[in-house]
Structures are given as C-alpha cells and as structure tokens.
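Participant: Okay, sequence plus prediction incoming.
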Number of protein chains: 2
Amino acid sequence: MSARIIDGSAIAAAVRSEIKAEVERLKAEHGVIPGLATVLIGDDPASATYVRNKRRACAEVGIQSFGYELPATISQDELLQLLSELSARCDVHGILVQLPLPSHIDARRVVEAIPIQKDVDGFHPANLGLLGVKGAHVPFAPCTPQGCVELLERSGVQIGGRRAVVLGRSTIVGLPTALMLLARDATVTICHSKTPNIAQVTRSADILVAAIGRPRFVTADMVKPDAVVIDVGINRLADPSDPRGFRLVGDVDFDEVREVASAITPVPGGVGPMTIAMLLRNTLRAALNQLTAAC
Amino acid sequence: MSARIIDGSAIAAAVRSEIKAEVERLKAEHGVIPGLATVLIGDDPASATYVRNKRRACAEVGIQSFGYELPATISQDELLQLLSELSARCDVHGILVQLPLPSHIDARRVVEAIPIQKDVDGFHPANLGLLGVKGAHVPFAPCTPQGCVELLERSGVQIGGRRAVVLGRSTIVGLPTALMLLARDATVTICHSKTPNIAQVTRSADILVAAIGRPRFVTADMVKPDAVVIDVGINRLADPSDPRGFRLVGDVDFDEVREVASAITPVPGGVGPMTIAMLLRNTLRAALNQLTAAC
C-alpha cells in the first residue's frame, strides 16, 4: 500500500493562516506590526530567490519586511555596523542574514552579532545544544528542523518512545533536528558520511529524516516498513524535458520509498514550505516577546 | 575470555604527570602558576569531599587552588558578586562552583556568570551544541565526557566509523558525551528513560557509555560481544560487610559484562579519576590561554 503523503504545502498554509490571524490581533490590540529585516549580500541568484520568497511570505501574513541588499564587496565591519543598527531598531523584531556569505566575512561572527531575541533564523550557537534538553528555554529553534518536527506533530505522528534516525549532522539541519527529536523523547541516532553500513541503521528507524544533500540517496531497502520519512533534501537533477533544464528531487527516492513507508513528505511541497512558515512564526513570536521590552 | 580492564586510575595518573610537567614549564618560562577557585556552598558532605579531592589533586600537580566556603544561606546576589570578583582576578584562571546549589539559587544564572574563558567545568550552555560539531572551537569540554573520550583514545579504541550508544541524556554527561563522540565520527544513538526495548539498542553498540545512575542496569545480554563499555555511574549499594555500610557500583554489572565486552572500565577506578584529571587539564589550558590576555 502506498504511503500517506504528508502535504507540507497544505500544513504550511494552515500555519500561515494562524500566523496571519495572530498578526492582525497584535496590530489591533497593541498597534504593533511584526518586522523582519532581510540582509542579502552579493548577487547569487538562488539567495536572491530565497529572500524574495521570504519577503513575499511576510507580506501575505501582514509582517512588514525591510530588505537590505548589499554588494559582495561589503566589509565585515560595515555589515556588523548595519546589524548593530537593525538590532537597535524598535520596528525590526527579527533579523535574517541570508547565507552563504562571501568568503571574506566570518559567518560565525555575523550570526553571533544578531541579538538572541532577534535571531529568528535560530542559528545562534548558544541555542544548539539546548535544543536537545527537555524543557529548556530556546528562544528560536532553527526553521527547517522546527518545520520537520511541526510536520510530524501536525500529521499525528507520535515522536516520544519511537526510534528516530537522522541522516546528516549539519548545524543548520541534521544536528538540531536530532536534538529536537531527542527533547521530545525519541531515541535518536545520527548518521553521517562516516557511518558504515548505513542501511542497517536507517532500517531501525520509525521516523527517518534525510538531510544529507544527496539526490535519492534513501532507497526502499533502507526503510523499515511503515516508517515515517521526512525528506529535507532539495537537489537539482538535470532534466532536459523540463524547461528549466533540471528538476528538484529530495534525498529520498520518493517513488520507491512511498511503497514501503507509512507516510512520506514529497519534494517539492514537503519540508520546504514549512521552513518559511516557521520563519514567519519566529518573527511573530519575536514581536510578541518584544512587546514588554524597552522599545 | 574476560575483557581488558581500562584502568582509569593509571591513565589519569599519566595525564596528571603530563600536566605537572607542563605546570612546571609554565612557571619556569612565564612565572605563571595556574590557579583554580573552588566555590563550595552549604555543608553537603559529598560536595565537600569532591571539592577537597579536587583541591588536593591541584596541589599534587602544582596548580594553586583558592577555596571559598559559603553558607547555604548566601544570597544569589552575593554569590554573583563573588564570581564577578573571581572573574576579574589575574591569578584565578579557572572557576569551579560545586553543584548542586541550594534551591533558592538559579544554577543556570550562576553557570552563565562564569566567563567562558574561566569555565573549566565546561558547563556553559553555549558550548554544549558545539561539542557535536566537527572542528568547532569549544573552549572547555565538560570534564566527565572529556574523560570518557580520553579513556577511549588512550586505550587505542577507534571511535570514527564505530557505532556508539550513550545511555542517558543529561546536560552534564550523557548529551555532551554523545556529541563529542559524534564530532569524532562515531554513529551515535542516545537512549534514555523513554526508550523502549533498550537492550536491542545497546546491543548495536561497538562503544557503550552508561550514564543513567541506575546500579548495574547494563547486564551481559545488553552488550554486543567485544563491545567497549564505559561506565560513568557511581551508585551506592547498601553493603553491611563494608565498614562504610555501602559500596560503590557502576551503571554496569561489571562481573557479568566483563565476560562479553572486549574492554571495560571498572567502578571505582574508571571514569572517576579521569574527571578530576580533565579538570586539571582545563585549568592548565585556561592559564595558557590567559597568558596573552590583558592580565
């Protein structure tokens, strides 16, 4: 029997409409419009698209966005100066610096220059370990891992007491996702490029999260029957029949694995839309938290 | 065949003698004596013993220790004031506040009041997540997890590419140990009280670390033949035949498991002595790092 498709687009739409209602309430009750500053450096077309999509999503739910587009030649000091100004502004509740950054800029210093209460991307390293601690207060969970957990929860998938395997240990996706599942009482295994006999490990998973950036890496034989599969990968595969010359595929061989899994996210339309929805939610929460702040 | 015993006392003695030589060199070349401030609050006899042992270990390798003993009634502000003074002192390179603290004091605030460069216990939450990141700079790894990894490395146990299972997810031991093994390329699984069928998970481990505080929890049937077993537990078991009325046992049933494992740490004499040795090493490193600092 074919797996249930976890429809990330539909779930993200539901989340966005909840956010929209909250944004309206915030404006009506407190006269506050949540604000997100986006900082785009250089002219990478993919980064420009990501930022454009995020700003459009903000507009759709009534969040104000302030776009900053800076040349790739900007110095680190100039960038830090801008972040310092944005940090001080009362109408900017969240700050997002689109990664990757030009090589002459130290990404870690930039990420740490965003005050934790405005770090709506959730990339501040001080949060990372705490994601794994049950009951710990983490101001903002990073958006993609949060999106994965939200997809599971809104699909009625039980996390506590289940075995979860996360493929990938990046600080942006794999590691924080593993830690968030741990804090929700899953028994979590983290696999990576140095894991031998990876299929044997993945076959133990009730919940399998693939975040390694290798197209269709996860095949049917790697998946336990009735597992829930979350595919974080977004890979371009050359496809002459597509007008763009490529199409997007995940880290999971969807056609194969859907015949084994009980539920699965598609690519596109799975985790992707959730990432932006979680950014909107973090921005809304930042605005709510800052209601009681000095400005 | 019976497992090789990983002799933590002997390995810790070797580490301490390396530290002693480094401390002498630091004194001879720079006129600097590494200094550790210990802060003991209240009159819990176990805490007092721990602090006394740490100070004695400092003295043996030539590290200066400054003992502060404060009444359980001390206010949080007074404690924070002391920490602020110690943070400013040039002869104090490391600060250790013995936990647990009285309930009217917020342990997290206290831990975060110790500057990262003097946090020789490695408890600052900003370090926790980074422990799992390959190549990340973490000023001080927490002592017990660092001791576990050091025992493995000095016993010639390969970590990279092996399957490690950590029982326990505390922020002091289980979680940081798991993250440190991950950063060393193990495939890591974290189990805890909500893990069903735990024996099935532990039997997949090439390296099994037990840190759950349950006496003799790990039995032979839970261990894969030839696994390496690290026992972090220190539990008191009533024993009328012992003059103290109890004896110390680990989280592992040593007598049973030694017949299955290829190597195993005893309790006492395994991880315990390593914890203090790692504290001494962190203090030495703090002094070395602070050579170039303002004071």
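Facilitator: Arrived safely. Residues are numbered from 1 along each chain as shown, chains lettered A, B, ... in the order given.

Participant: First-to-last residue distance for stretch A:38-50?
Facilitator: One end of stretch A:38-50 to the other measures 10 Å (CA to CA, to the nearest Å).

Participant: Give me the buried positions along it.
Facilitator: Judged by neighbour count using 16 or more other CB atoms under 10 Å in any protein chain shown, the buried positions of stretch A:38-50 are A:Thr38, A:Val39, A:Leu40, A:Ile41, A:Gly42, A:Ser47, A:Tyr50. (Each C-beta comes from the backbone N, C-alpha and C, glycine too.)

Participant: Save these as a markdown table, and put in pLDDT too.
Facilitator: A markdown table is the format used below for the buried residues of stretch A:38-50 (pLDDT from 0 to 100):
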| residue | pLDDT |
| --- | --- |
| A:Thr38 | 98 |
| A:Val39 | 98 |
| A:Leu40 | 98 |
| A:Ile41 | 97 |
| A:Gly42 | 95 |
| A:Ser47 | 94 |
| A:Tyr50 | 93 |
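
Participant: Between all of those residues, which two are separated the most?
Facilitator: Maximum pairwise distance in the buried residues of stretch A:38-50, criterion CB to CB, is 13.7 Å, between A:Thr38 and A:Gly42.

Participant: From the buried residues of stretch A:38-50, pick the one nearest B:Val120.
Facilitator: Distance ranking of the buried residues of stretch A:38-50 against B:Val120, using CB to CB, places A:Val39 first at 37.1 Å.

Participant: correct me, but that closest one touches A:Leu99?
Facilitator: No. Taking contacts as CB atoms under 8 Å, A:Val39 lies outside contact range of A:Leu99: 10.2 Å.

Participant: Stretch A:113-126: how far from the chain's middle?
Facilitator: Put simply, stretch A:113-126 sits 14 Å off its chain's centre (CA atoms, centre = their mean, to the nearest Å).

Participant: Do any residues in it lie close to chain B?
Facilitator: Yes. Counting by CB under 8 Å from any CB of the partner chain, chain B has neighbours in stretch A:113-126: A:Pro125, A:Ala126.

Participant: quick one: contacts of that stretch?
Facilitator: Stretch A:113-126 is contacted by residues A:36, A:80, A:83-84, A:86-87, A:92-97, A:108, A:111-112, A:127, A:138-143, A:146, A:171-172, A:176, A:279, A:282-283, A:286, A:289-290, A:293, B:125-126, B:129-130 when judged by CB atoms under 8 Å, 6 or more residues apart in numbering or on different chains.

Participant: Now the buried members of those.
Facilitator: With burial judged by 16+ other CB under 10 Å, the buried subset of the contacts of stretch A:113-126 is A:36, A:83, A:86, A:92-97, A:111-112, A:127, A:138-143, A:146, A:171-172, A:176, A:279, A:282-283, A:286, A:290, B:125-126, B:129-130.

Participant: Out of the residues you listed, which sit inside strands?
Facilitator: A:Leu36, A:Gly94, A:Ile95, A:Leu96, A:Val97 (DSSP state E).

Participant: want to try TSV for those, with distance to A:Val120 as columns?
Facilitator: Putting these into TSV (distance: CB to CB, whole Å) gives the following:
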residue	distance to A:Val120
A:Leu36	7
A:Gly94	3
A:Ile95	7
A:Leu96	6
A:Val97	11
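
Participant: which ones are touching the closest residue to A:Asp106 other than its chain neighbours?
Facilitator: Ranked by CB to CB, 6 or more residues apart in numbering or on different chains and with sequence neighbours excluded, the top spatial neighbour of A:Asp106 is A:Gln76, at 6.4 Å. Shown in contact with A:Gln76 (CB under 8 Å, 6+ apart): A:His104, A:Ile105, A:Asp106, A:Arg109, A:Val110.

Participant: Switch those over to CSV; also include distance to B:Leu167, neighbour count and pLDDT.
Facilitator: As requested, the contacts of A:Gln76 are arranged in CSV below (distance: CB to CB, whole Å; neighbours: other CB atoms under 10 Å in any protein chain shown; pLDDT from 0 to 100):
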residue, distance to B:Leu167, neighbour count, pLDDT
A:His104, 45, 10, 96
A:Ile105, 42, 20, 96
A:Asp106, 38, 14, 95
A:Arg109, 37, 13, 93
A:Val110, 38, 19, 95
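
Participant: export these to JSON lines and tack on secondary structure?
Facilitator: Shown next, in JSON lines, are those (DSSP: H, G, I helix; E, B strand; the rest coil):
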{"residue": "A:His104", "secondary structure": "coil"}
{"residue": "A:Ile105", "secondary structure": "coil"}
{"residue": "A:Asp106", "secondary structure": "coil"}
{"residue": "A:Arg109", "secondary structure": "helix"}
{"residue": "A:Val110", "secondary structure": "helix"}
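
Participant: so which of the residues you listed comes closest to B:Ile159?
Facilitator: Nearest to B:Ile159 out of the contacts of A:Gln76 is A:Asp106 (CB to CB; 29.6 Å).

Participant: and A:Leu288, what are its phi and psi?
Facilitator: Here is the backbone geometry of A:Leu288 (degrees, to the nearest 10): phi -60, psi -50.

Participant: ok, the closest residue to it other than its chain neighbours - how many residues close by?
Facilitator: Closest residue in space to A:Leu288, ignoring its immediate chain neighbours: A:Leu26 at 6.9 Å, by CB to CB, 6+ apart. For A:Leu26, the neighbour count with other CB atoms under 10 Å in any protein chain shown is 19.

Participant: where's A:Leu26, which helix or strand?
Facilitator: Element membership of A:Leu26, judged by DSSP states H and E, is helix A:8-30.

Participant: Please name every helix or strand in contact with that helix.
Facilitator: Packing partners of helix A:8-30 (3 or more CB pairs under 8 Å, 6 or more residues apart in numbering or on different chains; DSSP states H and E): helix A:45-61, helix A:143-154, helix A:271-289.

Participant: interface residues of the stretch 1-150 of chain A facing chain B?
Facilitator: Residues of the stretch 1-150 of chain A lying near chain B (CB under 8 Å from any CB): A:Pro125, A:Ala126, A:Asn127, A:Leu128, A:Gly129, A:Leu130, A:Leu131, A:Gly132, A:Val133, A:Lys134.

Participant: Could I get the phi/psi values of A:Ile5?
Facilitator: phi -90, psi 120.
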